[in-house]
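1. Everything below, folded, please.
(chains A and B)
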Amino acid sequence: MDDREIVRICLTENSEAFEWIVAKYRDSVFWTAYHLVLDYEDARDVAQQCFLKTWNSLKSYDPDRSFASWIARIAANCAIDFLRSRKSAEPLPEIAAPSKPLGSVQDIRKIFLRIVPLLAEKQRIVLVLREIEGMEFTEMAGLLNCTESTVRNLLSQAKESFRKKTKEFFPEYGL
Amino acid sequence: MDCNRIPAPRLWDDETPEKLGQYRVHIRFCSACRAKVLSEAPEKLLFDLQDDSLPEEFWLGFWNSVDRKSSSIRTPAARASLRAAAATRWIAVLIIGFFIVIYGRTLPETDPVKQVRTSDYPVIESIRNPEARYYILQTSKDQKVVMVFDPGMEL
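-> Residues are numbered from 1 along each chain as shown, chains lettered A, B, ... in the order given. Sure thing, here's the model as predicted:
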């Protein structure tokens, strides 16, 4: 059964069908949240918030659009709201550098966790939304309440910083 | 080892999603290109982080929590009926309140005990069954309890 059909059932016949949506998207929503908030517990809370928001705005879902991108956008929005409310929180955790040769998905995750907390918050957000979520510039501009060119600038700075710090912390990368 | 099947990762930003998808598939299997991307633009490998799935234990209680928090706002139809029920309750309260205010003061004061007269006690009808018996117990000055035992009575 496709997402549009599930949404239709949720709205007209059986609201319990929403459980299918949660089961299908909980992992992707969690990871979107986690890559932005960088904490498992917080990401789980954000995921929960995301599904409540999704439920509340299900009526406004446009069936011509992809449900996956719609819910990813809600997840990113919830995570950004969470980050705004966590302004004065403790600094983000740092993860120890891996000792074995790099390149696997696990290694990419370690690099991500080591480098990304060192970026400025907005740079981190645009980097995650663009490179992991594959979000369009216009969508990101909407989420961050800024212009598309600001998003492009932030992304450019984020990439530069990410590359520089990766070389610094993981010199074994250099060709 | 060298492979030049994909362009330099710094040039990927302006590619279509389809092309980008092809490059990503390629670097998943080509270690030479993966190493090149890793050294030139490591952020281009971050897409790999999206695919992990979490163990089922991680999600224990998650749906219940979402369900509990959203149950009060279930379906639009349920929301409408909840609103209608609440409105009906309020209307009933207002109508009852209105009658109490208007007629409450004019109702005659009654004392149910004083209103009952001894002549109001039920009259014992003649019992046709010769085997039937009745007993009258005088419990107080103004009160009697009558017990009838009729084996032919169908209950």
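
2. In three-state terms, label the residue nearest the centre of chain A for me.
-> In chain A, the C-alpha nearest the mean C-alpha coordinate belongs to A:T32, at 2.8 Å (C-alpha atoms, centre = their mean). On the three-state scheme (DSSP: H, G, I helix; E, B strand; the rest coil), A:T32 is labelled helix.

3. can I assume it is in contact with A:A76?
-> Yes - A:T32 is in contact with A:A76 according to C-beta atoms under 8 Å; the separation is 5.9 Å. C-beta: built from backbone N, CA, C; applies to glycine.

4. Now the common contact residues for the two.
-> Common contacts of A:T32 and A:A76, defined by C-beta atoms under 8 Å, 6 or more residues apart in numbering or on different chains, comprise A:E133.

5. one step back: quick one: pLDDT of the residue nearest to the centre of chain A?
-> A:T32 is assigned a predicted lDDT (pLDDT) of 91.

6. Show the contacting residues for it.
-> With contact taken as C-beta under 8 Å, 6+ apart, A:T32 is in contact with A:72, A:75-76, A:79, A:128, A:132-133.

7. ok, and of these, which contact chain B?
-> For chain B, the contacts drawn from these by C-beta under 8 Å from any C-beta of the partner chain are A:128, A:132-133.

8. State the number of residues packed around A:A23.
-> The number of residues packed near A:A23 is 12, by other C-beta atoms under 10 Å in any protein chain shown.

9. Using just helix, strand and coil, how would you label it?
-> The three-state label given to A:A23 by three-state DSSP is helix.

10. I'd guessed it sits against B:W63; true?
-> Yes - between A:A23 and B:W63 a contact is recorded at 7.3 Å, counting by C-beta under 8 Å.

11. For A:I6, give me the backbone phi and psi.
-> Note on A:I6: its backbone torsions stand at phi -60, psi -40 [degrees, to the nearest 10].

12. Now do it against A:E19, distance only.
-> Between A:I6 and A:E19 the distance, using C-beta to C-beta, to the nearest Å, works out to 10 Å.

13. related to what we said a few turns ago, secondary structure added to the ones next to chain B among the contacts of A:T32, as TSV?
-> Putting the ones next to chain B among the contacts of A:T32 into TSV (three-state DSSP) gives the following:
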residue	secondary structure
A:V128	helix
A:I132	helix
A:E133	coil
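
14. Out of those residues, the closest to chain B would be?
-> Top of the list for closeness to chain B, among these and by C-beta to the nearest C-beta, is A:I132 at 5.1 Å.

15. Touching, the closest one and B:L45? I think so.
-> No - when contacts are counted by C-beta under 8 Å, A:I132 is not listed as touching B:L45 (10.2 Å).

16. Around A:K59, how many other residues sit close by?
-> Taking other C-beta under 10 Å as the criterion, the count of residues near A:K59 is 10.

17. per-residue pLDDT, it?
-> Predicted confidence (pLDDT) for A:K59: 86.

18. Ok, A:R65 next?
-> 86.

19. next one: the one 4 residues further on
-> Note on A:S69: pLDDT of 88.

20. Quick check: which ranges of chain A have low pLDDT?
-> Applying pLDDT under 70 to the predicted model, the residue ranges of chain A that meet it are A:87-103, A:173-175.

21. one more time with 50, if that's ok
-> Across chain A, residues meeting the criterion (pLDDT under 50) sit at A:98-101, A:175.

22. Quick one: name the residues of chain B near chain A.
-> Applying C-beta under 8 Å from any C-beta, one finds that chain B approaches chain A through B:17, B:31, B:34-36, B:38-54, B:58-59, B:62-63, B:65-67, B:69-70, B:73-76, B:78.

23. Just the buried ones from these?
-> Neighbour counting with 16 or more other C-beta atoms under 10 Å in any protein chain shown marks B:34-36, B:38-39, B:41-50, B:59, B:62-63, B:66-67, B:70, B:74-75 as buried within the residues of chain B next to chain A.

24. Which element, helix or strand, includes A:L11?
-> In this structure, A:L11 sits in helix A:3-12 according to DSSP states H and E.

25. Check which helices and strands that helix sits against.
-> Other helices and strands packing on helix A:3-12, by 3 or more C-beta pairs under 8 Å, 6 or more residues apart in numbering or on different chains; DSSP states H and E, are helix A:18-37, helix A:67-85.
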